[in-house]
Each structure stands twice: as C-alpha cells, then as structure tokens.
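Here is a sequence together with a model predicted from it:
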Amino acid sequence: QRGETLLEVNNIEVIYNHVILVLKGVSLSVPKGGITALLGGNGAGKTTTLKAISNLLQSERGEVTKGSITYRGQKIQDRSPSDLVRTGVIQVMEGRHCFEHLTIEENLLTGAYTRRDGAAAIRQDLEMVYSYFPRLKERRRSQAGYTSGGEQQMCAIGRALMSRPETILLDEPSMGLAPQLVEEIFEIVRDLNEKEGVSFLLAEQNTNVALRYAHYGYILENGRVVMDGAAAELRENQDVKEFYLGMS
Ligand code: ATP
C-alpha cells in the first residue's frame, strides 16, 4: 500500500540542446516512507528524470518543457538545489562525487551545510551516519580519494543524510560495485528507510536487486514509463522476467 504522496512528477518532457527530446511524458509518484525504483536500461532516461526533479538540468543544456513536478503539493521546478535540500529532497549523483582531497569525515560534514541547528546536533547525526555505515567510521580520517568505490558510495549517501533529508534521490548506487557490496548498500538503504523513515527514489539498471528492496517500481524505456506496479508484482511479471531479469 502507498502512503501520503511526497513527490509527484506529472507528464514531464525534457529536451536537451533545444532539440533532443529525451523524456516524452514521464509521470511517477513517491510516497512517504517508500522505496520507489526507477528502472530501465542504459539511456532510458533515469538520470534525466532525477536531474529534472532536483533542477540540475541547466548545466547540461536540458530543460523541462512540459508537465509539472511537485513536492508536498508545492511546485519545485524553480528551486535551486540548496532550496530543495531545505525542502527535504537531496540527490546522490551517479558515480559518487565525494571530495577526493577531504577525509571521509570532512566529506560527511559538508553535507550539513544547509542546516541552521548547532554543532551538537550535527555531531549527533554524524554518529547516526556512522551507526549505519561502520566502515565509514573506521575510515573517517582517510582521504576519500584513497577509499574504495563502495566506501565512496557510502560516503555520498552518508553526506546526503547529514542534511536530514525526507527524500533521497539515489542514482545508480550499484554502479561499478561487486555484488556483495551492492547487497550491503541496499541493506543499509532498507534500514534507513525502516528506521529513519527516509523515502527513496532509486534509479537502477540492476532490476534484480532493485526489485528485491523497493516497494514499487516504474520501468522506463526510451523516455516513457512502460510499466509500473508493486515490486512483488513486477518481479513475477513475464515481460519483466524476460527482458529485465534475464529469465524466460
Ligand atoms: P544511464 O544509466 O546511462 O545513466 P539513464 O537511463 O540514466 O542511463 P539518461 O542519462 O537520462 O539515461 O539519458 C537519456 C538519454 O538522454 C540518452 O539517450 C542520452 O544520450 C541523452 N542525454 C543525456 N544527457 C544529455 C545531454 N546533456 N545532451 C544531450 N543528450 C543527453
């Protein structure tokens, strides 16, 4: 079942460079307390959808030319990324993006930049992040650039958590990671969802793992949602099995 709707993407179109139509009317919604997966192959438009939500398309010469995006009923299309963070929405970009020359702990602390509460509260959240990611605690004094891909992915999620988000847009967390580590990260995502109440919109090419952890999924093909449903139903769907799970 689906709770109160936080994020609502309504029939958006995205065009790059004024001519390349990449999203051709995408609609989806993210309920409070859910893990929602956005699935599809390479180039289907997952990253574009997340960037449209967090208003990060401009630097790529992309724009939303149709449709609307709301969060708790408020239009969010014109908000700057930092305004959006204050609203409770933060994106963890594909390919990790930690500051390589800062330590893990310094990276985490940069995530608290939009907060106005004091050092004690921030310290407390740092401990919260370490409780979910014990590996980050062990590596807290290491320069991020010298940590493993998995640790950098954890660092990026941890840094997002430091803004106390209500919703995290997580782009391709499994990318480039060994299967064991992918499971570890998804288990932490599930824990954060269950214990901290963080809602997730998760873009993933790895349909198999995403549908085991998500509650609901949307499948994008060529800039359109071609199917959506409860994760358990999608896992049993014949087309999904054949085209996305490699079974037939
Ligand atoms: P991936 O898993 O590779 O990130 P994706 O589903 O996230 O795939 P997008 O990155 O959103 O897909 O890309 C969707 C389409 O938009 C692709 O055909 C891509 O080539 C095109 N595209 C992405 N960024 C730009 C850009 N800045 N200018 C022009 N076309 C772009």
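That came through fine. All of these numbers come straight from a predicted model, not from anything done at the bench.

alpha carbons only for contacts and neighbour counts from here, please
Will do.

other SSEs contacting the helix or strand hosting Q91?
Q91 belongs to strand 89-92 when assigned by DSSP states H and E. For strand 89-92, the packing partners by 3 or more CA pairs under 8 Å, 6 or more residues apart in numbering; DSSP states H and E come out as helix 149-161, strand 167-171.

for these, which one sits closest to Q238?
strand 167-171 (26.1 Å; CA to CA).

Give me the angle between the very next helix or strand once past that closest one and helix 149-161.
Downstream of strand 167-171, the next assigned helix or strand under DSSP H and E is helix 179-195. Interaxial angle, helix 179-195 versus helix 149-161 (axes from the mean of the first three to the mean of the last three CA atoms, to 10 degrees): 20 degrees.

and helix 179-195, which residues are buried?
182-183, 185-186, 188-190, 192-193 (16 or more other CA atoms under 10 Å).

so can I have a markdown table of the helices and strands packed on strand 89-92 showing mean pLDDT?
What follows is the helices and strands packed on strand 89-92, written out as a markdown table (pLDDT from 0 to 100):
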| stretch | mean pLDDT |
| --- | --- |
| helix 149-161 | 94 |
| strand 167-171 | 97 |
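
so how far is the first residue of stretch 70-78 from its last?
Between the opening and closing residues of stretch 70-78 lies a distance of 11 Å (CA to CA, to the nearest Å).

mind listing what the residue with the shortest distance to the centre of the chain touches?
The residue lying closest to the centre of the chain (CA atoms, centre = their mean) is L170, at 1.4 Å. With contact taken as CA atoms under 8 Å, 6 or more residues apart in numbering, L170 is in contact with 91-94, 200-203.

ditto for E151
Taking CA under 8 Å, 6+ apart as the test, what E151 contacts is 135-136.

circling back to that earlier point, so, in contact with the ligand or not, the strand holding Q91?
No - applying CA under 6 Å from any ligand atom, one finds strand 89-92 out of contact with the ligand, separated by at least 13.0 Å.

contact partners of that strand?
50, 54, 81, 84, 156-157, 160, 165-171.
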